[in-house]
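Undergrad: Below are the sequence and a predicted model for it; my questions follow.
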Amino acid sequence: MPRKLMLQMHMSIDGYIAGPNNELMEWIVYNFSQDLNDYLSNIKFNDIILGHKLAEGFIPAWQSMPSGTPGKELMVNTPKMVFSTTLQENPWGERVRLLNSGFEDEVGKMKAQDGSEGDVMVYGGVQTVQALIEKGLVDELFLLVEPVALGEGKKLFSSRTSYEVMETKKFECGIAVLHYRKKV
Ligand SMILES: NC(=O)C1=CN([C@@H]2O[C@H](COP(=O)(O)OP(=O)(O)OC[C@H]3O[C@@H](n4cnc5c(N)ncnc54)[C@H](O)[C@@H]3O)[C@@H](O)[C@H]2O)C=CC1
Ligand SMILES: Nc1nc(O)c(N)c(N[C@@H]2O[C@H](COP(=O)(O)O)[C@@H](O)[C@H]2O)n1
């Protein structure tokens, strides 16, 4: 069984994944309730894909979280592939691999591996997920829908794609998770 590429992102109720100038932190709930942490900890993956811009914040932020923070071990220890057209050297150590070009082939190879050990997760940022979605590489979506409309911003999708709903769930912190699988 091949691996799936899953995407987990915050989304406004009007479908934006970032504000017009990439605003994020001011409209998302970042103190997840226990029920949401429990739900997310059941999503199994053993590789993470990040865009360069997101990686610059994500990798040091998770490393500096106090031990015991939900998700810390997973976020720090899981191997990562960082998409970058500019970085030539990886500043983040041995568990991180840089990808400068040919993402379709590389992600295709990751997905062709045996999925019994775990799938692949992408958390963003905008350019990176738009590229993956556009090439049809994302198999499942975990949309963390925030109780807010932005009115304008950056979208995940640029063309029509059909999905089927796997699960919908409301959490105590106000986020609703919509889990979709791409229709084949
Ligand atoms: N809604 C959510 O859950 C999240 C939203 N975000 C949003 O994303 C923003 C960052 O997004 P971006 O600035 O677009 O940064 P990004 O993290 O996607 O990084 C962009 C860089 O990645 C590289 N890249 C992208 N696609 C590539 C490809 N196909 N091949 C090789 N390299 C590639 C390029 O060097 C590019 O400059 C954040 O400021 C935040 O607003 C970030 C994380 C989660
Ligand atoms: N799987 C999982 N477990 C947790 O406990 C979490 N806090 C998260 N957070 C998600 O990770 C992504 C990046 O977070 P930062 O930008 O580094 O805060 C994002 O999708 C968060 O929702 N995930």
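TA: Received the coordinates, thanks. Ligands and ions are numbered 1, 2, ... in the order given.
Undergrad: Only C-alpha atoms from now on, for both contacts and neighbour counts.
TA: Fine.
Undergrad: Contacts for the helix ranked longest in the chain next, please.
TA: Longest helix in the chain, counting residues (DSSP state H): helix 52-63. Residues outside helix 52-63 that contact it (C-alpha atoms under 8 Å, 6 or more residues apart in numbering): Lys72, Met75, Val76, Val82, Phe83, Ser84, Trp92, Gly124, Gly125.
Undergrad: Going through these, which ones are buried?
TA: Lys72, Met75, Val76, Val82, Phe83, Ser84, Gly124, Gly125 (16 or more other C-alpha atoms under 10 Å).
Undergrad: still on that earlier bit, filter the contacts of helix 52-63 down to the ones in helices?
TA: Those of those lying in helices (DSSP H): Lys72, Met75, Val76.
Undergrad: now these in CSV, with distance to Val129 and pLDDT?
TA: What follows is the ones in helices among the contacts of helix 52-63, written out as CSV (distance: C-alpha to C-alpha, whole Å; pLDDT from 0 to 100):
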residue, distance to Val129, pLDDT
Lys72, 22, 95
Met75, 18, 96
Val76, 21, 96
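Undergrad: Glu167 and ligand 2: what is the separation?
TA: Going from Glu167 to ligand 2 by C-alpha to the nearest ligand atom, to the nearest Å gives 17 Å.
Undergrad: just to confirm, which helix or strand has that residue in it?
TA: strand 163-170 (DSSP states H and E).
Undergrad: Give me every residue in the chain lying close to ligand 2.
TA: Residues of the chain lying close to ligand 2 (C-alpha under 6 Å from any ligand atom) are Gln8, Met9, Asn37, Leu40, Ser41, Phe58, Pro70, Gly71, Tyr123.
Undergrad: need the strands for the chain, in chain order.
TA: Using DSSP state E, the strands of the chain run over 5-11, 16-18, 45-51, 80-83, 96-99, 119-124, 140-145, 154-155, 163-170, 176-182.
Undergrad: Including distance to Ser64 and mean pLDDT, could those go into CSV?
TA: Formatted as CSV, the strands of the chain follow (distance: least, C-alpha to C-alpha, whole Å; pLDDT from 0 to 100):
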stretch, distance to Ser64, mean pLDDT
strand 5-11, 22, 98
strand 16-18, 24, 98
strand 45-51, 18, 97
strand 80-83, 17, 98
strand 96-99, 17, 97
strand 119-124, 18, 98
strand 140-145, 24, 98
strand 154-155, 29, 98
strand 163-170, 29, 98
strand 176-182, 27, 98
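Undergrad: Output those as CSV; include the columns distance to Asp105.
TA: Listed next are the strands of the chain as CSV, based on distance: least, C-alpha to C-alpha, whole Å:
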stretch, distance to Asp105
strand 5-11, 14
strand 16-18, 26
strand 45-51, 14
strand 80-83, 13
strand 96-99, 11
strand 119-124, 15
strand 140-145, 19
strand 154-155, 24
strand 163-170, 24
strand 176-182, 20
